[in-house]
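Engineer: below: sequence and its predicted model.
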Amino acid sequence: MVKISIIGLGFVGLSLTSTLSSKGYKVVGIDIDEKKCEKIRNGITPFFEPGLERILKKGLKKNLEISNDFSLINDCDLIFVTVGTPQSKNGSINLSIIKQAVSSIGTNLKKNKKNPIIFIKSTVVPGTMKDVILPILEKKSNKKAGRDFGLISNPEFLQESRAIRDTEFPHAVVLGGYKTKFMKKAKNFFEKLHPNVPIIITNHQTAEMIKYANNSFLATKISFINQLSNICQKTPGANVDDIARTIGLDPRIGKLFLNAGPGYGGSCLPKDMKALINFANISGINPTLLNAVEDINSKQLEQIITIAKQQLIDLKSKRITVLGTSFKPNTDDIRDSISIELIKKLLKRKAKVTVHDPRAIKNTRDIFGEKIIYAKSMNDALLKSQCAIIMTEWTQYEKLNNNNFKHMTKKVVIDSRRMLIGKQLDVNYFGIGLGKEK
Ligand code: UGA
């Protein structure tokens, strides 16, 4: 039976580890962090992802091993690399973690009696496979790629909060590399794993670029609708959602990722945009469109701050409630969350901030400590508040009504996701992307 190892147990790695092992594959999940491994071995996921813990437990009952020992890759047929590629200060990607991971793989590959296929799932800029990863692997292992082991770029498209579904049912599988026996084997593996899913076979550089194209296009869609949303807001009666819903019916446009809001956040879109911009500049291409997309995103919060300032005059000492700190609903992830940016800006203006989030309070506290107040319930969060700002579209916020708002001292509600639109509310309501009738 094919034996698989997965290096790096973050969102992508742990979802793949759990999914493959729950399907009965013999899997070893490897991470250098032993504390994390211990947790996972006990069936506890280090972060919140719907459905992941259940699938992990299913895998643990079968053939799943979790370890920090890289030598366990020695009898594996397939090795997936899913470590993070964070952002450096200048916007480029930091390859130190992946270099370390492939270096350990290379050292162990020396002793590997099989001819494994190594899949790089981590997001890396075009050329990284050929110029960085392949040379490290060949040097450390004393073996030749394409002859002694396979090396395939295999970018990942899963979204947090739906990681399990996306891992099981991806919209496409991209395999980048040379057309060797290894590529054939890889194709067979994925055809069996995901019947009826298109498999795109291309070279390394193109596969690496596809990932950036995907994420930067999504970011472009969001900035496009956010710019329209800002125009709508200045146009009495205009409604950005009706516009998005209608243009989304045109199959050439598509309805997804047209939800206007406070800007895109998370650990991927902002980082990948910066890396692609950096890569374009190095390549001698001025990425004017990408720059504009990023620029719109970085200014999107101004819409919210402006309304708050207009309504409260001065933010100093004003009690402001931020509803939702995670970068999107159904996750506890606050990395590059726009809501965290907002809180920082409010604190800079000396506002008194109270936050509520169904899942992300612990992570939020790790950033702000005693500087802000953490409310357990929506009512507690709104008590004596002068302004409530809905940032993350958690479904619980859809239920907010006059009862929740009644103990606010000044009833200003800024709804960056238009969740309360159409409700008869006894508040001064501002929906981002809605032109207020005069
Ligand atoms: C994103 C991509 O969607 C995945 O395909 C990709 O695999 C992943 O990055 C990655 O590179 O690892 P993710 O970071 O989980 O996934 O988040 P998204 O669901 O894309 O949301 C990103 C941000 O855009 C969030 O802040 C969200 O609120 C915002 N957004 C999204 C909008 O403001 N409007 C929309 O219509 C959609």
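Structural biologist: Everything's here; your move.
Engineer: how many residues are close by the residue of the stretch 101-250 of the chain found nearest the ligand?
Structural biologist: Closest contact between the stretch 101-250 of the chain and the ligand, by CB to the nearest ligand atom, is at residue 160 (3.5 Å). Using the backbone N, CA and C atoms, a C-beta is placed for each residue, glycine as well. Residue 160 has 24 neighbours, counted by other CB atoms under 10 Å.
Engineer: surely it meets residue 50?
Structural biologist: No. With contact defined as CB atoms under 8 Å, residue 160 does not count as touching residue 50 (9.7 Å).
Engineer: now do the contacts for the residue of the stretch 101-250 of the chain closest to the ligand.
Structural biologist: Taking CB atoms under 8 Å, 6 or more residues apart in numbering, we find residue 160 in contact with 11, 49, 266, 267, 328, 331, 333.
Engineer: any idea of the pLDDT on it?
Structural biologist: The confidence metric pLDDT takes the value 97 at residue 160.
Engineer: once you drop chain neighbours, what's closest to it?
Structural biologist: Take residue 160 and drop its neighbours on the chain: the residue closest to it by CB to CB, 6 or more residues apart in numbering is residue 331, 5.1 Å away.
Engineer: which stretch of helix or strand covers that neighbour?
Structural biologist: Using DSSP states H and E, residue 331 sits within no helix or strand.
Engineer: contacting residues for it?
Structural biologist: 47, 48, 49, 160, 161, 359, 360.
Engineer: what is the neighbour count of the first one?
Structural biologist: Residue 47 is flanked by 14 other residues according to other CB under 10 Å.
Engineer: show me which of the contacts of residue 331 is closest to the ligand.
Structural biologist: Of all those, the ligand sits closest to residue 160, with 3.5 Å by CB to the nearest ligand atom.
Engineer: ok so that closest one is a strand residue?
Structural biologist: No. Secondary structure of residue 160 (DSSP: H, G, I helix; E, B strand; the rest coil): coil, not part of a strand.
Engineer: which phi and psi does it have?
Structural biologist: phi -60, psi 150 (degrees, to the nearest 10).
Engineer: the one 5 residues further on now?
Structural biologist: Note on residue 165: backbone dihedrals following degrees, to the nearest 10 are phi -60, psi -50.
Engineer: likewise for the one 3 residues further on?
Structural biologist: Taking degrees, to the nearest 10, you get phi -80, psi -40 for the backbone angles of residue 168.
Engineer: ok, now residue 150?
Structural biologist: phi -100, psi 150.
Engineer: show me where the chain has strands.
Structural biologist: Along the chain, counting by DSSP state E, strands occupy 3-7, 26-30, 64-67, 78-81, 117-120, 150-153, 173-176, 199-202, 319-323, 352-356, 373-374, 387-390, 412-415, 428-431.
Engineer: does the ligand sit close to the fifth one?
Structural biologist: Meaning strand 117-120. No. Legend: contact between strand 117-120 and the ligand by CB under 6 Å from any ligand atom is lacking; minimum distance shown is 13.9 Å.
Engineer: got the buried residues for the longest helix along the chain?
Structural biologist: Ranked by number of residues, the top helix in the chain under DSSP state H is helix 204-233. Of all the residues in helix 204-233, those buried under the rule 16 or more other CB atoms under 10 Å are 204-205, 207-212, 214-216, 218-230, 232-233.
Engineer: the ligand next: which of those residues are close?
Structural biologist: Applying CB under 6 Å from any ligand atom to these, those adjacent to the ligand are 215, 218, 222.
Engineer: what about the last one, distance to residue 331?
Structural biologist: Distance check for residue 222 against residue 331: by CB to CB, to the nearest Å, it reads 17 Å.
Engineer: the spatially closest residue to residue 418 that is not a sequence neighbour: neighbour count?
Structural biologist: Leaving aside its sequence neighbours, residue 418 sits nearest to residue 431 (CB to CB, 6+ apart; 4.4 Å). By the criterion of other CB under 10 Å, residue 431 has 25 neighbours.
Engineer: so which residues on the stretch 51-200 of the chain come close to the ligand?
Structural biologist: Within the stretch 51-200 of the chain, the positions near the ligand by CB under 6 Å from any ligand atom are 123, 156, 157, 158, 159, 160.
Engineer: which residues sit in contact with the fifth one?
Structural biologist: Think residue 159. residue 166.
Engineer: would you map the helices across the stretch 301-438 of the chain?
Structural biologist: According to DSSP state H, counting those that start in this stretch, the stretch 301-438 of the chain carries its helices in the segments 301-312, 338-348, 361-368, 378-382, 402-405.
Engineer: the ligand is nearest to which of the ones you listed?
Structural biologist: Closest to the ligand of the helices of the stretch 301-438 of the chain, according to CB to the nearest ligand atom: helix 338-348, at 6.3 Å.
Engineer: now the angle between helix 301-312 and the closest one, please.
Structural biologist: 40 degrees (axes from the mean of the first three to the mean of the last three CA atoms, to 10 degrees).
Engineer: what lies in contact with helix 338-348?
Structural biologist: Outside of helix 338-348, the residues within contact range by CB under 8 Å, 6+ apart are 261-265, 300-301, 304-305, 308, 315, 320, 322, 324-327, 334, 353, 355, 364, 367-368, 371-372, 389, 391-392.
Engineer: now, which of those lie close to the ligand?
Structural biologist: Among the contacts of helix 338-348, the ligand is touched by 261, 264, 265, 327 when using CB under 6 Å from any ligand atom.
Engineer: now intersect those with the helices, please.
Structural biologist: Among those, DSSP H puts none in helices.
Engineer: from the residues you listed, which single one is nearest residue 167?
Structural biologist: Among these, residue 327 lies closest to residue 167 (CB to CB), at 19.8 Å.
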